[in-house]
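> Provide a 3D model corresponding to the input given below.
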Amino acid sequence: QVQLVESGGGLVQAGGSLRLSCAASGRTVSSYNMGWVRQAPGKEREFVATITWRSGGTYYADSVKGRFIISRDNAKNTVYLQMNSLKPEDTAIYYCAAATFWGTTRPSQYDFWGQGTQVTVSS
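Numbers count the residues shown, from 1 in each chain. Take a look at the predicted model:
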């Protein structure tokens, strides 16, 4: 089992920045690939970014590439999502998730989920 706890959401103006954190725990957490998935009101969950614990390799959705940065601190078992140049369309609940396979972009293929943190970007 893997437990994930997100923090860092909030309200920010367009063009601003926020950093989300995801504290991961569990005996097997290092064997999973970590990702961020978001869900806007009335929409399906959408892949944002993913990272591996071992190499730090990353992959991003086109909608956030160049604006968001995913990173990890192995010593703290924590994954971060630095969000810059935020847009109103980035408003969503952001979930931290863990997947067995690298490069997972389908939310349905993530095995464990956090409770989510709300990000609201005002125009």
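
> for the rest of this, base every contact and every neighbour count on C-alpha atoms.
OK.

> how far away is residue 63 from residue 38?
Computed with Cα to Cα, to the nearest Å, the distance linking residue 63 and residue 38 is 12 Å.

> check residue 91 too.
Counting by Cα to Cα, the separation of residue 91 from residue 38 is 9 Å.

> got it, and residue 30?
When Cα to Cα is the yardstick, residue 30 and residue 38 sit 22 Å from each other.

> then residue 15?
Note on residue 15: its distance to residue 38, by Cα to Cα, is 19 Å.

> now residue 24
Applying Cα to Cα, the value for residue 24 to residue 38 is 18 Å.

> go on, residue 109?
Taken as Cα to Cα, the span from residue 109 to residue 38 is 14 Å.

> and the two? which has more neighbours close in?
Set side by side, residue 109 and residue 38 show more neighbours around residue 38, with 23 against 13, by other Cα atoms under 10 Å.

> which element is that one on?
strand 33-39 (DSSP states H and E).

> so what are the sheet partners of that strand and their directions?
Here strand 33-39 is paired, per DSSP bridges, with strand 46-52 (antiparallel), strand 92-99 (antiparallel).

> the last one: how far from the chain's middle?
When you say that, I think you mean strand 92-99. Between the mean C-alpha location of strand 92-99 and the chain-wide mean there is a distance of 5 Å, by Cα atoms, centre = their mean, to the nearest Å.

> any idea of the mean pLDDT in that strand?
Averaged across strand 92-99, the pLDDT comes to 97.
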